[in-house]
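S.K.: how would this look folded up:
(one chain, ligands or ions: 1)
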Amino acid sequence: MSDKRTILIQLDTDALPSVFDRVVAVDAGAQDVFSYGSVTPENVQPLVHGAIFTRGPKDLKHTAIFVGGSDVAAGEKLLTAVRNHLLPQYGLQVSVMLDSNGANTTAAAAVRTAAKHMDLAGAAALVLGGTGPVGQRVALLLAKQGADVRVASRQVEKATAVCERIRAQAGGANVEPVGTAGDGLRQALQGRNLLISAGALGAALVPENEAKALQGLKVIIDLNAVPPAGVAGVEPTDKAVEHYEATSYGALAVGGVKMRIHKAAVAALFSANDRVFDAESIYQLAAGLP
Ligand code: NAP
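M.R.: I've put the predicted structure just below:
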């Protein structure tokens, strides 16, 4: 039994490391949290070396790295750089988690919530706001579970680019870009049984005057917590409430699931020194939670 304290090294791409991520780390059981801001692929090497050269390989599972910040693309690049500076051939590595902007844990929570009510392999999904960091991950996770996924944007070209990226990550992914301009939203909703709305804060993606197109849905999830609702009528606190004959969840209900997943992932970092938690592995972890 090691007497080493658990240390989470928080590498944030923003100047001010996220207080949210730090609080969750403590609540997840990290005994010490070392927080660094303005971390880039160029300046991260000494931080990673500080993590891996201090404790022997058998104790390195008590040290882990969390990559965060508001910029998801910057976080992904930083994660790659962190991993490149680990030395697994000598056992000198630590577990790493990426959750910039909360995107990975939020997407996992949304997809996990939907999976409670339907078989995702048979789902016909529409992801509104599918070009944002959360929406892109929701679409990827759904496609990986075998769902037929429409990725929506106000500009179909943006959705097309997202679908191409998803196909590159998940061969055989059944994804289709759709534009929501004009009567695009109504067409995009046709034949869908799962709607996940991942639009920007306070953006009404299905406003009141479009809500009559919400037919035949089994599950609706709205991730926007700030009024007006992303999907008219769905309240942030709704948890398995029926709207438009569909089981519906609002952002705060999904946020509770997100918090559980986030804490479980941070805790799991300290179970071994070689774990990597990104969107997919966080979802796998989430799928195993009670
Ligand atoms: P985002 O990047 O701010 O926006 C997502 C997409 O919404 C954009 O790519 C854009 O797509 C569309 N959009 C932007 N402004 C719009 C407008 N005025 N009208 C219609 N569509 C608009 O969002 P995100 O960071 O991915 O987050 C998605 C949602 O999840 C947000 O509501 C966020 O608050 C929530 N969230 C919750 C948690 C949590 O812990 N509960 C954590 C993270 C995020 P197009 O330009 O392609 O149309």
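S.K.: ok, G130 to S197 distance?
M.R.: Using CB to CB, to the nearest Å, one gets 10 Å for the distance from G130 to S197. In short, each C-beta sits where N, CA and C put it, glycine included.
S.K.: Name the residues of stretch 181-189 that come out as buried.
M.R.: Under the neighbour-count criterion of 16 or more other CB atoms under 10 Å, stretch 181-189 has 185, 188-189 buried.
S.K.: swap that for stretch 203-214, sorry
M.R.: Taking 16+ other CB under 10 Å as the criterion, stretch 203-214 shows 203-206, 210, 213-214 as buried.
S.K.: Now narrow those residues to whatever sits close to the ligand.
M.R.: 203, 205 (CB under 6 Å from any ligand atom).
S.K.: Please tabulate the buried residues of stretch 203-214 in CSV and include secondary structure as additional columns.
M.R.: CSV is the format used below for the buried residues of stretch 203-214 (DSSP: H, G, I helix; E, B strand; the rest coil):
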residue, secondary structure
A203, coil
A204, coil
L205, coil
V206, strand
E210, helix
A213, helix
L214, coil
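S.K.: hang on, the earlier thing: compare G130 and S197 (neighbour count), which wins?
M.R.: G130 (31 against 27; other CB atoms under 10 Å).
S.K.: Is the more buried one in a helix, a strand, or coil?
M.R.: Quick answer, by three-state DSSP: G130 is coil.
S.K.: how much space between T160 and the ligand?
M.R.: Noted for T160: a distance of 11 Å to the ligand, by CB to the nearest ligand atom, to the nearest Å.
S.K.: residues of stretch 83-91 that come out buried?
M.R.: Buried, per 16+ other CB under 10 Å, within stretch 83-91: 83, 85-86.
S.K.: Going by distance to the ligand, which of the residues you listed wins?
M.R.: Closest approach to the ligand among those (CB to the nearest ligand atom): R83, at 23.7 Å.
S.K.: If we ignore the residues flanking it in sequence, what's nearest the closest one?
M.R.: Excluding the flanking residues, the one nearest R83 by CB to CB, 6 or more residues apart in numbering is V96, at 6.5 Å.
S.K.: Return the residues in contact with L8.
M.R.: Contact analysis of L8 by CB atoms under 8 Å, 6 or more residues apart in numbering lists 25, 30, 32-34, 64-66, 266, 269.
S.K.: Actually, V266.
M.R.: 8, 24-25, 28-30, 64, 66, 97.
S.K.: where does the stretch 101-250 of the chain come near the ligand, residue by residue?
M.R.: Close to the ligand, as judged by CB under 6 Å from any ligand atom, the stretch 101-250 of the chain has residues 101-102, 106, 129, 131-135, 153-155, 158, 198-201, 203, 205, 223-225.
S.K.: Pull out the buried members of these.
M.R.: 101-102, 106, 129, 131-135, 153-154, 158, 198-199, 203, 205, 223-225.
S.K.: Which of the residues you listed fall within strands?
M.R.: Under the assignment DSSP state E, those contribute S153 to strands.
S.K.: Which parts of the stretch 101-250 of the chain are helices?
M.R.: 103-115, 133-144, 156-169, 184-189 (DSSP state H, counting those that start in this stretch).
S.K.: Let's have those helices in JSON lines, adding mean pLDDT and distance to L47.
M.R.: JSON lines is the format used below for these (pLDDT from 0 to 100; distance: least, CB to CB, whole Å):
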{"stretch": "helix 103-115", "mean pLDDT": "97", "distance to L47": "21"}
{"stretch": "helix 133-144", "mean pLDDT": "96", "distance to L47": "24"}
{"stretch": "helix 156-169", "mean pLDDT": "96", "distance to L47": "28"}
{"stretch": "helix 184-189", "mean pLDDT": "97", "distance to L47": "44"}
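S.K.: and of the ones you listed, who's closest to F277?
M.R.: Closest approach to F277 among the helices of the stretch 101-250 of the chain is made by helix 103-115 (7.5 Å; CB to CB).
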